[in-house]
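In: sequence and predicted structure, then a few things I'm wondering about:
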Amino acid sequence: MNRVVFGSATALAALSCLLLLAAPAGAQQPSANTPSQPTAQPGQTPPPSAPQPSEPSATPAPQAEPAPQIEQRIERLPPGFERERQLGSRPPRSLTIDEAVQLAFAQSSAYRLSQFDERIAAEDVKQARAALFPHLSAPLTYFGTTPSQVRAEGEPLIYSYVSSSAINETIALLNASGELDLSGRLRASLRRSRYQLDAARAGTLVARRQLALDTVDAYYNLVLARERRRFAEETLALAEGFLKVTQEVARRGADESEGADLLRASVQVSSRRDELEQARAGEAAAMDSLRLLTGIDFETPINVSNIEKDLPTASDFSSFTEEQLKTRPEFGQVEAQRRAALAEASAARGERLPQLTYTLNGGFDAADFRPLKRYAGGSAIVTLTIPIFDFGASRSRETQARLRAQSAEMQREVTMTRLRQEFYIARATALSALARIRDTQSAVDNALKNLMIILARYRAKKATITDVVDAQSAFVEARLANSQAVIDYRVSRVRLEPNFGQ
């Protein structure tokens with residue numbers, strides 16, 4: 001791939017020189033005041049060519065170059081348009097695919113929201129575990145009543161409530177209460193919370209993987225948009241160079257066909273400028289999408305990596321098998337949800353079994369603090385609750401949980417089928433992209449040779465301007481197809497990774 005890219009850039013430089021030297025081929029040198037067209041160096045993106053004004057000629061030729069009018073219209077556009085043309089006003093930032101993914105993980109997104117869900121599920125586990133242990137408390141109570149109005153003369157004042165032991169009663173206890181899990185309801189609730197935590201963790205991995213894939217798509221969309229813009233700049237440079245050659249040919253002769261060729265060449269320059277502006281707009285949009293995911297400032301341009309490095313072969317796909325799909329987080333998430341539903345059914349069934357609760361107290365219940373030791377002690381209360389009838393509420397909850405488990409079982413099969421489909425589509429796309437890369441490399445070489453031959457035939461007046469335009473378009477389309485094949489391969493290759501982004 002590197003051979004094709006650098007070879008294309010070298011050939012473009014030769015083409016530009018060939019176009020500039022085409023006019024002297026008719027035994028007449030170009031005028032000294034004609035500025036030379038900048039050429040693309042190997043491995044370097046050529047800058048956008050500035051439009052050249054038409055030169056005066058001895059033979060009247062149609063003045064059809066609209067470049068000055070286009071530049072005047074651009075100058076009257078709003079100030080913000082220049083920022084979009086420059087793709088930012090700050091120094092560019094080079095970004096690799098791994099750096100882009102890591103920056104995306106640090107941004108507020110569905111992935112960060114799934115992390116909150118995971119932390120919430122972890123707190124549910126703590127609460128379910130705490131239900132197995134005694135709950136400690138220290139109730140402090142003061143209970144005062146009015147004196148009884150019925151008493152014999154000379155008797156001391158006595159409390160009026162039969163439940164009281166004094167008019168002023170103070171109670172201070174250390175209380176421990178809980179439930180002995182005879183029915184297994186609390187243990188089932190703990191298992192359910194743990195499975196829900198596993199499902200939340202798997203959901204976090206699913207969101208993380210999806211965010212990584214979205215970032216990869218945005219990154220390679222920018223790569224393709226940049227390639228499209230670079231090809232548009234090179235094509236515009238060729239079109240402008242060809243326009244200069246056509247102007248020189250029209251200046252030396254008065255053939256009507258040469259005047260038509262000059263008009264066609266001028267139209268091609270305008271069309272190539274329009275394609276370049278569209279490519280710049282597409283590059284700006286792709287860059288903004290990547291900025292949104294990575295959190296890079298919208299005023300900072302982004303430089304992406306070269307996509308033609310380290311292209312593997314079809315033998316690298318032997319390690320990707322269907323068995324690896326079982327390690328995907330989507331599969332683990334559905335399985336954890338199924339187990340959580342079964343645990344919830346067990347907890348609902350335990351509600352219909354006897355439950356044993358206890359309360360342990362230690363402290364004092366006194367009316368006078370001076371003989372406090374006399375009223376200090378402990379107590380224990382054990383309660384066995386036998387459920388009799390709850391109008392089918394617990395049985396309905398058990399049935400509901402089992403239905404969720406069955407739904408999760410079906411969802412697991414659907415998920416596996418979907419993951420298998422994605423796996424085979426990604427593998428077929430990647431293998432097809434490798435074949436397309438080889439074919440498009442050959443097509444780029446052939447399209448370049450064809451363009452040089454057509455240009456030589458046009459100088460010899462054995463080809464028409466239409467042939468030149470078609471050859472230029474075929475050359476650009478071949479290079480775009482090659483870049484698209486490389487990007488399709490890389491995106492599909494990433495989607496085959498079962499634990500990508502984790």
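Out: Here it is on my side, so go on. Numbers count the residues shown, from 1 in each chain.
In: I'd say residue 478 and residue 441 touch.
Out: No: contact between residue 478 and residue 441 fails when scored by Cβ atoms under 8 Å: they sit 9.2 Å apart. Just so you know, the C-beta spots here come from the backbone N, C-alpha and C atoms, and that holds for glycine as well.
In: ok, now which ones touch the residue lying closest to residue 375 once chain neighbours are set aside?
Out: Residue nearest to residue 375 in three dimensions, not counting chain neighbours: residue 366, with 3.7 Å by Cβ to Cβ, 6 or more residues apart in numbering. Listed by Cβ atoms under 8 Å, 6 or more residues apart in numbering, the contact set of residue 366 reads 166, 169, 170, 372, 374, 375, 376.
In: bridging residues for residue 366?
Out: Beta-bridge pairing for residue 366 (DSSP bridges): residue 170.
In: where does the protein have low pLDDT?
Out: 1-89, 108, 253-258, 308-318 (pLDDT under 70).
In: what segments of it are strands?
Out: Taking DSSP state E to define them, one finds strands in the chain at 93-94, 135-137, 140-144, 168-180, 302-303, 355-366, 376-385.
In: closest to residue 289 out of the contacts of residue 366?
Out: Comparing the contacts of residue 366 against residue 289 with Cβ to Cβ places residue 170 closest, at 70.8 Å.
In: now stretch 374-387: buried residues?
Out: Applying a neighbour-count criterion of 16 or more other Cβ atoms under 10 Å, one finds residue 375 buried in stretch 374-387.
In: contact partners of that stretch?
Out: Judged by Cβ under 8 Å, 6+ apart, the contacts made with stretch 374-387 from elsewhere in the structure are 351-367, 394.
In: pull out the buried residues from those residues.
Out: The neighbour-count test (16+ other Cβ under 10 Å) applied to these identifies 351, 352, 355, 360, 361, 363, 365, 366, 394 as buried.
In: can I get the residues you listed in JSON lines with distance to residue 287?
Out: Below are those laid out as JSON lines (distance: Cβ to Cβ, whole Å):
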{"residue": "351", "distance to residue 287": "58"}
{"residue": "352", "distance to residue 287": "62"}
{"residue": "355", "distance to residue 287": "63"}
{"residue": "360", "distance to residue 287": "68"}
{"residue": "361", "distance to residue 287": "70"}
{"residue": "363", "distance to residue 287": "71"}
{"residue": "365", "distance to residue 287": "76"}
{"residue": "366", "distance to residue 287": "79"}
{"residue": "394", "distance to residue 287": "58"}
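In: tell me who's in contact with the nearest residue to residue 436 once chain neighbours are set aside.
Out: Using Cβ to Cβ, 6+ apart and skipping residues adjacent in sequence, the residue nearest residue 436 is residue 485, 3.8 Å away. With contacts taken as Cβ under 8 Å, 6+ apart, residue 485 has the following neighbours: 433, 436, 437, 440.
In: can you list those in TSV and add distance to residue 277 and neighbour count?
Out: Putting those into TSV (distance: Cβ to Cβ, whole Å; neighbours: other Cβ atoms under 10 Å) gives the following:
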residue	distance to residue 277	neighbour count
433	30	21
436	29	19
437	29	21
440	26	24
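In: count the neighbours of the closest residue in space to residue 217 that isn't next to it in sequence for me.
Out: With sequence-adjacent residues excluded and distances taken as Cβ to Cβ, 6+ apart, residue 217 is closest to residue 491, at 6.5 Å. When neighbours are defined as other Cβ atoms under 10 Å, residue 491 has 19 of them.
In: now residue 491: how far from residue 320?
Out: Shown here: residue 491 relative to residue 320, a distance of 15 Å by Cβ to Cβ, to the nearest Å.
In: what of residue 390?
Out: Using Cβ to Cβ, which is the criterion applied here, residue 390 is 53 Å from residue 320.
In: surely residue 222 is in contact with residue 304?
Out: Yes: applying Cβ under 8 Å, one finds residue 222 in contact with residue 304, separated by 5.7 Å.
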